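J.: turn this into a model:
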Amino acid sequence: MDDQPVQGGGWFAYAPKGMPDDFENPPVRDVYLRADEYGGPYWSTDGALGPDYEDVHHDLGISRSLHDDVTAWNDAALAPNADADAIFARQQDLLRRLTEEVRAGIEVPAPRSAPPLRVALLDHDFAAEALPEPLAFEVLAWRADAPKYAYATGDNDAEIWAWQDLGAALAARVGAVLGDDYAVRPF
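T.: Presented below is the predicted three-dimensional model:
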């Protein structure tokens, strides 16, 4: 047999004939900044782009200087007692610079003059926002189930995860209705 085994972690398999050696990620279509300890500050609709300069430069085409400034912003945003207004203002400045430096065809959100109102489905009274009735009832029903899922017993993990997933989906739907002035999360 002329195939070479692919080894790793105590198992191996033969690679299919014609399998490419190097995987190339699909091109990045959009990028936004989000402070994250693990995924890094660069995100797209497909997920985290990672914190590594070489990878981000390859994907976006940004300068080392901008990358260093974005990394410093990410670290400052994650620091305890970070000044939220200063972090927001710095993020908007970095979005302006990112817009100027990314490759053609990559969308960057426009800088905002004020941060979105952060609301949680579990806590917020949405009466002032006048959600459409079916969606408002779904949110109320989801909230009513919260006491059932407040504590994991080991026997109800799947139900808790399903309830959390439903909350995330509802948060996305509520956010779409309310618009960019709101950042909606389940909890």
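
J.: pLDDT of the helix or strand harbouring Asp55, averaged?
T.: Element membership for Asp55 (DSSP states H and E) is helix 53-60. The average of the pLDDT scores along helix 53-60 is 95.

J.: quick check: buried residues in it?
T.: Val56, Asp59, Leu60 (16 or more other C-beta atoms under 10 Å). (Glycine included, C-beta is placed from N, CA and C.)

J.: please apply the same query to stretch 95-105.
T.: Leu95, Arg97, Leu98, Val102.

J.: how about stretch 83-95?
T.: Across stretch 83-95, burial judged by 16+ other C-beta under 10 Å covers Ile87, Arg90, Gln91, Gln92, Leu94, Leu95.

J.: helix/strand/coil for the closest residue to Arg143 other than its chain neighbours?
T.: Leaving out its chain neighbours, the residue that sits closest to Arg143 by C-beta to C-beta, 6 or more residues apart in numbering is Leu122, at 6.1 Å. Taking DSSP: H, G, I helix; E, B strand; the rest coil as the rule, one finds Leu122 in the coil state.

J.: need the contact list for Leu122.
T.: Contacts for Leu122 (C-beta atoms under 8 Å, 6 or more residues apart in numbering) come out as Arg143, Ala146, Gly167, Pro186, Phe187.

J.: and for Arg103?
T.: Here Arg103 is in contact with Leu60, Gly61 (C-beta under 8 Å, 6+ apart).

J.: helix or strand: which one has it?
T.: Here Arg103 is assigned to no helix or strand, by DSSP H and E.

J.: can you list phi and psi of it for me?
T.: phi -60, psi 150 (degrees, to the nearest 10).

J.: quick one: which of the contacts of Leu122 is most hemmed in?
T.: Within those, neighbour counts (other C-beta atoms under 10 Å) peak at Gly167, which reaches 22 neighbours.

J.: which residues touch that residue?
T.: So Gly167 contacts Leu121, Leu122, Trp142, Pro186, Phe187 (C-beta under 8 Å, 6+ apart).

J.: ok, Tyr42 next?
T.: Val31, Leu33, Ala48, Leu49, Gly50, Pro51, Val56, Leu60, Val70.

J.: turn those residues into CSV, including distance to Asp180 and secondary structure.
T.: Formatted as CSV, these follow (distance: C-beta to C-beta, whole Å; DSSP: H, G, I helix; E, B strand; the rest coil):
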residue, distance to Asp180, secondary structure
Val31, 17, coil
Leu33, 15, strand
Ala48, 22, strand
Leu49, 22, coil
Gly50, 26, coil
Pro51, 26, coil
Val56, 25, helix
Leu60, 23, helix
Val70, 22, helix
